[in-house]
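>>> Structure for the following, please:
(one chain, ligands or ions: 1)
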Amino acid sequence: MIRRFTWDIVYHESLDSTNSLMYDEVSKDKSISEGYVIQTGYQTSGRGQIGNVWESKADQNLLCSILLKPEITVDHQFVISKIVCLAIVDLLNDYDIDDVRIKWPNDIYVRDKKIAGILIQNILQGKKVKFSIVGIGLNLNQDIFDSNAPNPISLKLLVNKKYNPDHLLLVLLDKLLEFYNKLQLKKISEIDHLYKFLLYRRNQRSSFTDINDISFYGMIKDVSPSGQLQILTDDGVKKFAFREIKYVL
Ligand code: BTN
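I've put the predicted structure just below:
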């Protein structure tokens with residue numbers, strides 16, 4: 001069964017981080033509705049994964065956090081990353097961007113450059129995901145990136161056009177709803193298949209480093225339901241959790 005809800009977008013000119021504000025609001029009011037979206041033009045402490053900073057110049061890019069109540073168990077929470085990635089890839093394809101891939105776990109790459117990042121914070125209740133805060137940064141119009149983030153790119157740098165963040169947010173929410181409905185209809189194998197098919201460097205012999213900084217070669221094959229990356233190495237298939245492996249770009 002699909003639960004119906006409407007998107008409710010609240011825009012702030014500037015704030016610390018849309019994810020942090022969403023987290024604070026959800027902590028204060030547990031009855032907050034699914035579909036609540038916080039969008040901003042500027043973050044003073046934009047957060048990336050593993051404590052990184054997310055760089056975005058004022059009013060240049062899409063910065064938002066979306067509240068979902070996915071009714072899934074903790075061991076299946078990676079599927080949220082999957083549907084968010086698929087929504088962003090689909091959006092970029094609609095804007096005629098080819099070669100869009102998902103760099104596991106949830107970076108969106110165009111060829112070897114990162115165009116979007118996703119920061120998902122799940123709030124659990126027992127073994128269930130009660131709330132999922134889906135933070136998305138999609139680079140639209142920024143030409144120069146000052147931080148040492150690896151390989152950033154924007155839509156403007158790719159196609160030399162400017163994009164309206166408010167409009168792109170509406171398109172993104174449409175796409176996300178499409179894939180969220182697939183999740184609610186339990187079309188998990190379809191989601192898994194699409195995600196696997198779009199994995200960056202899948203089936204290409206590539207170089208990685210493990211948690212001890214030892215480098216090795218392998219071929220990405222798939223991602224397990226719990227979100228571990230499966231790599232075919234000279235010693236057979238090995239599984240890695242996030243933080244246990246780095247790509248050598
Ligand atoms: C990453 O690739 O490291 C994840 C980046 C996520 C950035 C977005 S921007 C909107 C939302 N609010 C944040 O503070 N971070 C996410």
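>>> Let me know the helix or strand that the residue of the chain found nearest the ligand is in.
Closest residue of the chain to the ligand, CB to the nearest ligand atom: residue 117 (2.3 Å). Just so you know, the C-beta spots here come from the backbone N, C-alpha and C atoms, and that holds for glycine as well. Assigned by DSSP states H and E, residue 117 falls within strand 113-125.
>>> buried ones in that strand?
The neighbour-count check on strand 113-125 (16 or more other CB atoms under 10 Å) flags 113-122 as buried.
>>> now it, how far from the chain's geometric center?
A distance of 5 Å separates the centroid of the chain from that of strand 113-125, by CA atoms, centre = their mean, to the nearest Å.
>>> Next SSE downstream of it?
Next along the chain after strand 113-125, taking DSSP H and E as the criterion, comes strand 128-138.
>>> At the contact with the ligand, which residues of the protein appear?
Within the chain, the positions near the ligand by CB under 6 Å from any ligand atom are 17-19, 43, 46-49, 52, 54, 63-65, 107, 117-119, 135-137.
>>> Just the ones of these in helices?
Secondary structure from DSSP state H places 18-19 of those in helices.
>>> Please list only the buried members of the residues of the chain next to the ligand.
Buried members of these, counted by 16+ other CB under 10 Å: 17-19, 43, 46-49, 54, 63-65, 107, 117-119, 135-137.
>>> So in this protein, which helix runs the longest?
helix 165-184.
>>> now what about whatever helix or strand comes next after that one, what contacts it?
For helix 165-184, the following helix or strand on the C-terminal side (DSSP H and E) is helix 188-197. By CB atoms under 8 Å, 6 or more residues apart in numbering, the surrounding residues in contact with helix 188-197 are 79, 82-83, 85-86, 102, 179, 182-183, 202, 222-223, 225.
>>> wait, which of those is closest to residue 162?
Distance to residue 162, by CB to CB, is smallest for residue 85 among those, at 24.8 Å.
>>> Assign the closest one to helix, strand or coil.
When classified by DSSP: H, G, I helix; E, B strand; the rest coil, residue 85 comes out as helix.
>>> Same check on the one 3 residues further on?
Classification of residue 88 using three-state DSSP returns helix.
>>> Please give me every residue in contact with it.
By CB under 8 Å, 6+ apart, the residues touching residue 88 are 108, 116, 118, 136, 138, 172, 175.
>>> Could you chop the chain up by domain?
8-197, 205-247 (automatic domain parsing).
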